[in-house]
Structures are given as C-alpha cells and as structure tokens.
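A.B. asks: starting from these lines, generate the structure:
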Amino acid sequence: MRKFKRKMVATFMAASMVLSFGACGKSEDKETTTAKQDEPKVTEAAKPDATEAPGTETQTTEAKPADSGKLIKVGIINNDPNESGYRTANDKDLKAMFCKENGYDPSFAYSLKNDEQIAAAQKFIQDDVDYLLLSAADTSGWDGVLQDAQDAGIRVILYDRTIDADPSLYAASIVSDMNKEGEQAVEWLVNQNLSEYNILHLQGVMGSAAQQGRSGALTRVAEEKGWNIVSEQTAEWNAEKAQQIVQSVIDSDTKFNVIYAENDDMARGAVEALDKANISHGVGKDVVIISFDCNTWALEELLKQNWNYDGQCNPFQAKYIDEVIKTIESGNEPAEKVIIMDEKGFDASTITQQDIDDNGI
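C.D. replies: Below is the predicted model of the structure:
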C-alpha cells in the first residue's frame with residue numbers, strides 16, 4: 001500500500017513538474033529553477049576509486065544486477081568534487097559505499113548552486129528514489145522540496161552540512177559541527193597571545209554551513225577582543241581566487257599578521273601570494289596561517305611548520321548513512337536524529353607524522 005501511494009504521488013508530481021518547468025522557462029534566476037532546463041546527462045557508473053569532474057551536471061550510475069528489484073534506490077546530491085580535497089574525499093567515500101555491490105542503485109547530482117541542487121532533488125523525487133541524500137550548497141530554501149519528498153514517501157538524510165528546515169522533514173542529519181570547528185580554531189588563536197591581531201579573512205562559499213560556522217566564530221571573538229579584520233572576502237574555496245585576494249591586499253600595503261582561511265585550498269593560494277612577496281609564514285614567522293579540512297598535504301605543511309593550525313573536517317560519512325538506511329529498512333528509526341562527526345584541530349608545534357597518517361585526507 002505504501003509503495004502504491006508513493007507511485008501515485010510520484011506520478012502526480014511528475015505531471016506537475018512538466019507544467020512547472022514549462023511555466024518557469026523564462027525565470028532562470030529564481031531560487032527553485034535550474035540555470036538550464038535541459039535533461040541531465042547520464043553517464044556510466046564510476047568505480048569507487050574514480051575521480052571525476054562533473055561540474056554541475058547530474059550523473060547517474062546504472063546498476064544491472066540479476067534482481068534489481070532488491071536494490072535500494074538513492075539520489076545523492078553533493079557539491080562539485082573539484083571544490084576541494086575534502087569534497088573529493090567525500091565523493092569517493094560515498095561512491096565506495098553506495099554501489100550495486102552493497103545493495104544500492106545510486107544516482108549522483110553535483111552543484112555549488114542551491115537552485116540547481118533543488119532542481120536535482122525534484123528530479124530524484126520524480127524518479128521515485130527510496131532515499132534522498134543531501135549536502136546542501138546553502139542552508140536555506142529547502143522546506144518545499146523536502147516536504148515534497150516526505151509526501152512521496154521518500155526519506156531524506158542530510159550529510160556534511162546542516163540546513164534551516166523543520167527536523168520532521170528529514171530522517172537524520174550526519175554532519176560536522178561547523179560552529180565548533182570555528183570555535184576551536186579561534187580559541188587556539190586567542191591562546192597565541194599575539195601582540196596585535198590584524199587578520200586577513202578568506203571565506204568559503206557564502207551561505208554554506210561551513211562558511212557560516214567558521215566565519216561566525218571569528219566574527220564574534222574579533223568583536224569581543226577588538227581584533228582588526230583588515231580584509232574579509234570570499235574566495236569560494238578556491239586557491240587561485242585566494243591568491244588573487246591576498247596579492248591585492250599585499251599590493252595595497254595593508255599590514256596583516258594572520259590569515260584565517262576557511263579551507264586548505266584557500267590557505268595554499270594565500271601562501272603562494274606570500275611566497276611571491278617574500279613574506280614569511282608559519283611558526284615564529286611574519287604571518288600565522290590557520291586553515292580547515294586536514295588534507296594530507298596541508299598537515300605536512302604543519303609538520304614543516306610552514307602553517308600553524310588546521311581544523312579537521314571529517315568527510316567520511318557514508319558508513320553512518322548506510323547504518324541509518326539499514327535501521328529504517330528494518331522498520332525502526334535512528335536512535336539519534338543528529339550525528340556529529342568526531343573532529344579535532346592540529347597545531348604545528350605538536351603535530352606528528354602519526355597524526356598525518358591517521359587523519360590526513
């Protein structure tokens with residue numbers, strides 16, 4: 001009966017979406033429409049260890065087992081795997097878990113834009129997936145599509161990032177505590193007891209949970225302590241953009257002694273600008289480098305004392321999602337609605353090779 005109801009709802013929604021897309025053809029700047037209304041591209045399934053650059057297009061992995069009816073159909077919405085080393089590791093982890101060998105029929109959609117992700121979610125609902133897995137580009141704007149999923153009998157599981165939506169609209173949230181990540185980093189910075197704090201702040205994609213948590217912590221403490229934020233700009237997780245921003249600040253003769261970069265790639269771009277200008281950085285040097293994500297190569301910069309601090313952001317959520325799905329499939333509900341990933345921060349003065357081996361991504 002439940003499956004019949006879902007099929008009826010999905011059929012109704014499919015018809016509604018045809019009319020909706022026709023009506024919205026000239027309104028591409030609205031939040032709930034895609035930039036292009038073309039059919040998503042379908043490609044062959046990627047192997048678990050493959051790395052791809054799909055940009056904002058939708059990718060579907062075609063499972064062809066002997067009895068496909070037993071596979072659990074999941075629609076997975078993520079940010080572009082090329083966004084950062086963290087995202088590449090996150091995407092690889094998801095593909096290793098959600099494959100036909102593990103009992104899943106997965107489809108993947110990628111975008112850094114909220115409206116395109118919402119359009120992908122609507123298509124997955126139309127396709128009658130069993131589960132919708134979501135790492136949202138932005139924290140807002142999701143209530144409507146999640147309500148549609150619930151009406152269709154589709155369970156939603158958040159991963160990596162939180163959203164501003166009624167908790168009754170999703171089954172579980174498996175996320176990093178971005179506020180805590182920021183608070184740990186800023187507390188470390190406070191404890192450095194610098195003679196002055198002139199901070200160049202490189203922000204991630206504005207509106208994302210990671211940006212809000214990491215920026216919010218710095219903003220609060222900077223106001224309390226009277227720190228000077230000399231520049232605050234988004235480099236959108238991108239090394240090249242970060243390099244350009246830092247180079248511009250250097251060229252303006254603005255003085256700074258801390259770079260607070262909200263991911264490793266932006267820190268790397270910032271350091272390239274410092275090196276070009278012969279400005280020293282790291283332990284006991286002119287500029288303190290703070291970053292997040294804990295890529296292996298970034299932790300190695302800490303070990304060399306070229307950077308000062310890196311906050312961990314754990315990308316390996318797939319096994320937790322799998323456990324939630326298995327719990328629901330058994331007829332139960334997850335014991336915890338919100339599962340927070342275990343994360344820590346690393347200091348250049350104390351980090352070891354074992355820390356890198358155990359925590360680098």
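
A.B. asks: from here on, just use CA atoms for contacts and neighbour counts.
C.D. replies: Fine.

A.B. asks: quick one, domains of the protein?
C.D. replies: 2-170, 178-313+346-359 (automatic domain parsing).

A.B. asks: mind listing the strands for the stretch 51-200 of the chain?
C.D. replies: Using DSSP state E, counting those that start in this stretch, the strands of the stretch 51-200 of the chain run over residues 58-60, 72-78, 104-110, 131-134, 155-160, 172-175, 198-203.

A.B. asks: turn these into TSV, including distance to K123, mean pLDDT and mean neighbour count.
C.D. replies: As requested, the strands of the stretch 51-200 of the chain are exported to TSV (distance: least, Cα to Cα, whole Å; pLDDT from 0 to 100; neighbours: other Cα atoms under 10 Å):
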stretch	distance to K123	mean pLDDT	mean neighbour count
strand 58-60	10	45	20
strand 72-78	9	98	24
strand 104-110	10	98	24
strand 131-134	11	98	23
strand 155-160	14	97	23
strand 172-175	21	96	24
strand 198-203	31	98	24
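
A.B. asks: in a markdown table, list these along with distance to F346.
C.D. replies: Output for those, formatted as a markdown table (distance: least, Cα to Cα, whole Å):
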| stretch | distance to F346 |
| --- | --- |
| strand 58-60 | 36 |
| strand 72-78 | 27 |
| strand 104-110 | 30 |
| strand 131-134 | 29 |
| strand 155-160 | 20 |
| strand 172-175 | 20 |
| strand 198-203 | 19 |
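
A.B. asks: closest to Q233 out of those?
C.D. replies: strand 198-203 (5.5 Å; Cα to Cα).

A.B. asks: tell me where the stretch 151-300 of the chain has helices.
C.D. replies: Counting by DSSP state H, counting those that start in this stretch, the segments of the stretch 151-300 of the chain that form helices are 178-190, 209-225, 239-251, 264-276, 296-303.

A.B. asks: what's opposite I76 in the beta bridge?
C.D. replies: F108, L133 (DSSP bridges).

A.B. asks: just to revisit the earlier point, which stretch in the domains of the chain has the least confidence?
C.D. replies: Across these, domain 2-170 has the smallest mean pLDDT, namely a mean of 73.

A.B. asks: can I get the helices of the stretch 151-300 of the chain in JSON lines with distance to N79?
C.D. replies: Shown next, in JSON lines, are these (distance: least, Cα to Cα, whole Å):
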{"stretch": "helix 178-190", "distance to N79": "17"}
{"stretch": "helix 209-225", "distance to N79": "12"}
{"stretch": "helix 239-251", "distance to N79": "17"}
{"stretch": "helix 264-276", "distance to N79": "15"}
{"stretch": "helix 296-303", "distance to N79": "21"}
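
A.B. asks: in a markdown table, list the domains of the chain along with distance to I328.
C.D. replies: Listed next are the domains of the chain as a markdown table, based on distance: least, Cα to Cα, whole Å:
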| stretch | distance to I328 |
| --- | --- |
| domain 2-170 | 9 |
| domain 178-313+346-359 | 26 |
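
A.B. asks: so the host helix or strand of E323 versus strand 155-160, what angle?
C.D. replies: For E323, the host element (DSSP states H and E) is helix 318-329. Between helix 318-329 and strand 155-160, the angle comes out at 160 degrees (axes from the mean of the first three to the mean of the last three Cα atoms, to 10 degrees).

A.B. asks: beyond helix 318-329, next helix or strand please.
C.D. replies: strand 338-340.

A.B. asks: from the chain's centroid, how far away is that next one?
C.D. replies: Centroid separation between strand 338-340 and its chain, computed with Cα atoms, centre = their mean, to the nearest Å, is 15 Å.

A.B. asks: quick check: Q126 vs T296, distance?
C.D. replies: Distance of Q126 to T296, computed by Cα to Cα, to the nearest Å: 40 Å.

A.B. asks: so these two - more neighbours on which side?
C.D. replies: Remark: of Q126 and T296, Q126 carries more neighbours, 22 against 17, as counted by other Cα atoms under 10 Å.

A.B. asks: which residue is the nearest non-sequential neighbour of Q147?
C.D. replies: Spatial nearest neighbour of Q147, chain neighbours left out: L169 (6.3 Å); criterion: Cα to Cα, 6 or more residues apart in numbering.
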